[in-house]
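Asker: sequence and predicted structure below; questions after.
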Amino acid sequence: MLEASARACAAGYSSAVDCDKEYTVRTVAYVLLAIVSLIPGLAVADAPGPFLNSYRAYPASCLSLPLPEPSGPIFQARVTLPTVNSSFQQVGTEAVTFEFWRSPCNGGSSALLGHAVRDTSLQNTSPYPIFEGIFLSQGSIQNYPVRLVEEPNTAVSYIPSNQLIVTETDFVFENDAAAIFDYSSSVNIEIAGVSNVAGSIPAYDRSQYTNSGLPMQISGYQTGNYSDPSGGQGIQVEVSELGSSTQRTIVIAWYTYDDSGTSYWLFNSTTFNVGARSVSLPLGYFTGGRFAGNGGSSTAAQWGTVTLSFPDCSHMLMTYNALVGLPSGVPVGNGTRTFTRITSINGLTCDSP
């Protein structure tokens, strides 16, 4: 088993002493911050909003909770870990299965994920095995205690050394300011245990992943404005929460023209299942209104249907079909058009590494 000084704080600290120093520094900083916040006249400006993490390991739009299940090659290792009782005293050992896999991302890149799983007969039973950390080597970086997190897209989250494994522990490989890995390239891995287990994971090959060529899963990262410059029109898309873990809402407004060349807009929203890669919904048009709502009342009628998908972060594919028998003057037609993204929501930028 690795000595504590070699495996403490696998999130990026070289020793248990460094980890303790960091905890002490943060504690003092929090106390000082609390004191300063009570002194009039020392308040600072509000935060300017989120920025992209400059050392992110994968596109922010690639991963979110819940973490994706394996869809391609899985790399497996059996590692014997120490077990502890309720007093955190080592009382024995247990063999645990580690599995690693990649999730395809936009732009031909990938994220690296993994989990440590106890045998079914031992799950939720004491004594519990200890997850002691993982060390990576790639290029000039050798035997680095990589930062692992349970929640993706975070800058400070990490799984601490000596975390208990009750059933299984899922994690995502991240970077930190001290070590930047390319997780789409091959990487050597060493899992800490009673006896360390080493191996390698080859470079990402998108042809081995059935979902790498599919449209992106629809999420808030597609929210924004899309334009078709050739036709002088655009679509605004908003993907929002629904208060459900299984469904979301998409709202679209299509800014187009009628046959006379007058601006004409079509609008609606619908719900869809989390994980969907396309969504279809009816669109409606409005008549009878007045500019700025001054007099009159508008009425809504269905125009037709559209189906949306997003082949990558920069484009939206729309198939449209007007209903038969629409009133005179209402634009009609059917076909497929590709729109190009022109805006993104701050903090939810759909991007490549």
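Answerer: Perfect, I can see it now.
Asker: in stretch 233-245, what counts as buried?
Answerer: 233-237, 239 (16 or more other C-beta atoms under 10 Å). All C-beta atoms are positioned from the backbone trio N, CA, C, and that covers glycine.
Asker: in CSV, list the residues you listed along with secondary structure, pLDDT and distance to residue 193.
Answerer: Output for the buried residues of stretch 233-245, formatted as CSV (DSSP: H, G, I helix; E, B strand; the rest coil; pLDDT from 0 to 100; distance: C-beta to C-beta, whole Å):
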residue, secondary structure, pLDDT, distance to residue 193
233, strand, 90, 59
234, strand, 94, 56
235, strand, 96, 53
236, strand, 96, 52
237, strand, 96, 47
239, strand, 94, 42
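Asker: quick check: the farthest pair among those residues?
Answerer: 233 and 239 (20.6 Å; C-beta to C-beta).
Asker: relative to residue 61, which of the buried residues of stretch 233-245 is nearest.
Answerer: Nearest to residue 61 among these, with distances taken as C-beta to C-beta, is residue 239, at 11.6 Å.
Asker: and that closest one, bridged to which residues?
Answerer: Counting by DSSP bridges, residue 239 is bridged to residue 250.
Asker: so what's it up against?
Answerer: Listed by C-beta atoms under 8 Å, 6 or more residues apart in numbering, the contact set of residue 239 reads 218-220, 222-223, 248-251.
Asker: dig out what the residue lying closest to residue 283 once chain neighbours are set aside forms beta bridges with.
Answerer: Nearest non-adjacent residue to residue 283, counting by C-beta to C-beta, 6 or more residues apart in numbering: residue 266, 4.1 Å away. Beta-bridge pairing for residue 266 (DSSP bridges): residue 254.
Asker: show me where the stretch 51-200 of the chain has its strands.
Answerer: With DSSP state E, counting those that start in this stretch as the criterion, the stretch 51-200 of the chain has strands at 75-84, 90-104, 110-117, 128-131, 134-138, 141-145, 147-149, 163-164, 168-174, 187-191, 197-201.
Asker: could you dump those into TSV with distance to residue 294 added?
Answerer: TSV is the format used below for the strands of the stretch 51-200 of the chain (distance: least, C-beta to C-beta, whole Å):
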stretch	distance to residue 294
strand 75-84	66
strand 90-104	52
strand 110-117	53
strand 128-131	66
strand 134-138	65
strand 141-145	66
strand 147-149	54
strand 163-164	63
strand 168-174	54
strand 187-191	64
strand 197-201	65
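Asker: any idea which of the ones you listed gets closest to residue 274?
Answerer: Smallest distance to residue 274 across these (C-beta to C-beta): 15.6 Å, for strand 90-104.
Asker: between the closest one and strand 168-174, how many degrees?
Answerer: 50 degrees (axes from the mean of the first three to the mean of the last three C-alpha atoms, to 10 degrees).
Asker: and the angle for strand 90-104 with strand 197-201?
Answerer: 0 degrees.
Asker: tell me the buried residues in strand 90-104?
Answerer: 93-94, 96, 98-104.
Asker: thinking again about what came up before, and for the residue nearest to residue 283, the neighbour number?
Answerer: Using other C-beta atoms under 10 Å, residue 266 has 22 other residues around it.
Asker: and it, how far is that from residue 321?
Answerer: 12 Å (C-beta to C-beta, to the nearest Å).
Asker: so what's the spatially most central residue of the chain up against?
Answerer: For the chain, residue 63 is the residue whose C-alpha lies nearest the centre (C-alpha atoms, centre = their mean; 2.4 Å). Shown in contact with residue 63 (C-beta under 8 Å, 6+ apart): 103, 105, 111, 113, 152-153, 172.
Asker: much appreciated, bye for now.
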